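# structure for the following, please:
(2 chains)
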Amino acid sequence: MKVLIPGGLCSYTSAARVEASGATLREVLDDLDRRYPGIRFRMVDEQQRLRPHVRLFFAGEPLRDLDRPLRADGELIILQALSGG
Amino acid sequence: MTADSDASACNTRRLVLLVATRKGAWLFHGDARRGAWRVDGPHFLGHIISHLVLDPRDGKTLLAAAKTGHLGPTIFRSTDLGVNWREAARPPAFRQAAAGTAGRAVDHSFWLTPAHADEPDAWYAGTSPQGLFRSGDGGLTWSPFSPINEDPQYRKWMGTEQDGTPDGPKLHSIIVDPRDRRHLYFAMSGGGVHESRDGGETFAPLVDDMETVEGFDASDLAFHDPHCVRLCPSDPDRLYQQNHCGIYRLDRPSTRWVRIGRTMPQEIGDIGFPLVVHPRDANTAWVFPMDATTVWPRTSPGGRPAAYATRDAGATWQRQDVGMPAGQAWWTIKRQAMTADRFDPVGIYFGTTSGELWMSPDEGRRWECIARHLPEIYAVEAADLA
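A predicted model of the protein is given here:
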């Protein structure tokens, strides 16, 4: 599926749109990390929790559950919830 | 190298100041006289850099503890002074908790310490919340180090986020005895000072005669808040400490800290964040006091900043403010933001949270501003390049 990468993570992918595969959000993030080592830990902590300011959307729906099934023909959008100064 | 030969050799060194800020990192390259500075930066613009450290064992490897406001923590490594950076393949991270239990996650790596000279690729990292980690491969992969991260007693002493400093409780001041790689110290805000004699297999508290805030039980380590602990390179049996409750000295093998800050001027007090030791004289140390009255502004008392130096191990203190603003300067100097070089005379450096970098070329007698308009400065290190 297509994955939209936020500016803060483009240092890993060198592109704003990349491809990744997986049947669930967890698998897609794992595949992203295989392709771009280190990118997953910036979004998901060691207790498998999405970090506080990372927001994920699929088909317009916000995602919080790593085991959420995803369709292969959709687009995963990763955003940083920018705040603070 | 002896202290004398160290001093005579030092003025031919290539000095670099490593400045870590809330918005990136900068390197200031000094000339042989420390009179001119070439600025290199920003590196990692927009990243929160808690600590930037050059490996003294090779004089070229840099590690940077980094995160952004929105992404998780990591560590970057460079062997060419920041021309190229390589990210850690496995940054410091706690063990994943068993199903159904709450585990901790590293918010940021706060403190970096190279291991003993006999372990050339080993490093230690202290994190927020408090955790101790080690890398054996030059900072590329990190693992939890020693049992303390999961030990129930240590977890109790560490407290919760609620008990920590405003931007998170921290493990800091990781110290390796230069005579014995297995002899380690670290400190926690909060949680006290701890020592290991067995290479980190076990640690034990080292808080005798350290004070806590009035009304709190000093036998409970959770109430101890060491801000910065330093070991004297010229006498590794001597440590100094800047604590939330005063300035202390410890002469081993004693386990009893002596509150040497009692001899500071009463109107200044003995509270602050950083403490710096002389590289060749264990009787000399510097602190930068802050206002710890009322709601704890943590700014220079009266808006008149000054370092204070002792030349007699804390028996007396001398105010050092020549060149600093005479008033209306409400500076805060964080615990990692003051340091010394190894020149003769020793240069002292500090960075303010208002983004100014200051130095003294003569052990604090006079001060000058090297740089202004930097982001909030978190850490300053002075290092010798190979």
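
# work out which residue lies at the spatial centre of chain B.
Nearest to the mean C-alpha position of chain B, by Cα atoms, centre = their mean, lies residue B:336 at 3.7 Å.

# contacting residues around that one?
Counting by Cβ atoms under 8 Å, 6 or more residues apart in numbering or on different chains, residue B:336 touches B:20, B:50-51, B:111, B:172, B:228, B:274, B:378-381. Glycine gets a C-beta too; all of them are placed from N, C-alpha and C.

# quick one: which of these is most hemmed in?
residue B:20 (30 neighbours; other Cβ atoms under 10 Å in any protein chain shown).

# would it count as being in a strand?
Yes - judged by DSSP: H, G, I helix; E, B strand; the rest coil, residue B:20 forms part of a strand.

# so it bridges to which residues?
Residue B:20 has these beta-bridge partners by DSSP bridges: residue B:25, residue B:379.

# go on, the one 10 residues further on?
When bridges are taken as DSSP bridges, the partners of residue B:30 come out as residue B:37.

# report how many residues lie close to it.
Residue B:30: 23 neighbours (other Cβ under 10 Å).

# and for the one 3 residues further on?
By the other Cβ under 10 Å criterion, the neighbourhood of residue B:33 contains 9 residues.

# surely it forms part of a strand?
No - per three-state DSSP, residue B:33 lies outside any strand segment and is coil.

# check it and give its pLDDT.
Looking at residue B:33, its pLDDT reads 92.

# now residue B:2
pLDDT, residue B:2: 43.

# again, but for the one 3 residues further on
In the predicted model, residue B:5 carries a pLDDT score of 49.

# for chain A, see how far away the residue nearest to the centre of chain B is.
22 Å (Cβ to the nearest Cβ, to the nearest Å).

# and residue B:222, by the same measure?
23 Å.

# hmm, that residue is touching residue B:205, no?
No - contact criterion Cβ atoms under 8 Å: residue B:222 and residue B:205 do not qualify, at 11.1 Å.

# show me whatever sits in contact with both of those two.
Taking Cβ under 8 Å, 6+ apart as the criterion, residue B:222 and residue B:205 both touch residue B:157.

# show me what the residue lying closest to residue B:242 once chain neighbours are set aside is bridged to.
Leaving aside its chain neighbours, residue B:242 sits nearest to residue B:275 (4.0 Å; criterion: Cβ to Cβ, 6 or more residues apart in numbering or on different chains). Listed by DSSP bridges, the beta-bridge partners for residue B:275 are residue B:287.

# residues near residue B:275, how many?
Neighbour number of residue B:275 under other Cβ under 10 Å is 23.

# so what's it up against?
By Cβ under 8 Å, 6+ apart, the neighbours of residue B:275 are B:227-230, B:240-242, B:247, B:285-287, B:338.

# do the same with residue B:370
Counting by Cβ under 8 Å, 6+ apart, residue B:370 touches B:17, B:28, B:37, B:349, B:357-359.

# now, which of these lie within strands?
The members of those that map onto strands under DSSP state E are B:17, B:28, B:37, B:349, B:357-359.

# redo those as CSV? Include pLDDT, distance to residue B:266 and neighbour count.
What follows is the ones in strands among the contacts of residue B:370, written out as CSV (pLDDT from 0 to 100; distance: Cβ to Cβ, whole Å; neighbours: other Cβ atoms under 10 Å in any protein chain shown):
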residue, pLDDT, distance to residue B:266, neighbour count
B:17, 98, 34, 26
B:28, 98, 37, 21
B:37, 97, 37, 18
B:349, 98, 28, 25
B:357, 98, 31, 23
B:358, 98, 26, 23
B:359, 98, 29, 24
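
# closest to chain A out of those?
residue B:357 (21.6 Å; Cβ to the nearest Cβ).

# would you confirm that that closest one contacts residue B:373?
No - using Cβ under 8 Å, residue B:357 is not in contact with residue B:373; the gap is 10.1 Å.

# around chain A, which positions in the stretch 1-150 of chain B sit nearby?
By the rule Cβ under 8 Å from any Cβ of the partner chain, the part of the stretch 1-150 of chain B lying against chain A is B:68-72, B:74, B:87-89, B:91, B:93-97, B:102-106.

# and these, which are buried?
Among these, those scoring as buried are B:68-72, B:74, B:87-88, B:91, B:93-94, B:104-106 (criterion: 16 or more other Cβ atoms under 10 Å in any protein chain shown).

# so which of these belong to strands?
Using DSSP E, the members of these that fall in strands are B:74, B:87.

# now, the most widely separated pair of the buried ones among the residues of the stretch 1-150 of chain B next to chain A?
B:87 and B:104 (22.1 Å; Cβ to Cβ).

# mind pulling up the pLDDT for residue B:66?
pLDDT recorded at residue B:66 is 97.

# which residues touch the closest residue to it other than its chain neighbours?
Among residues not flanking residue B:66 along the chain, residue B:47 sits closest, at 4.7 Å (Cβ to Cβ, 6+ apart). Applying Cβ under 8 Å, 6+ apart to residue B:47 gives the contacts B:23-25, B:66-68.

# who in chain A is up against chain B?
Contact residues (Cβ under 8 Å from any Cβ) of chain A with chain B: A:8-9, A:37-38, A:41-49, A:51, A:53-54, A:80-84.

# buried ones from those residues, can you make that a ChimeraX selection?
A single ChimeraX command suffices to select whichever of the residues of chain A next to chain B are buried according to 16+ other Cβ under 10 Å:
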select /A:8,9,38,41,42,43,44,45,46,51,53,54,80
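
# so which of the residues of chain A next to chain B sit within helices?
A:41-43 (DSSP state H).

# reformat those as a markdown table; add pLDDT.
A markdown table is the format used below for these (pLDDT from 0 to 100):
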| residue | pLDDT |
| --- | --- |
| A:41 | 96 |
| A:42 | 95 |
| A:43 | 96 |
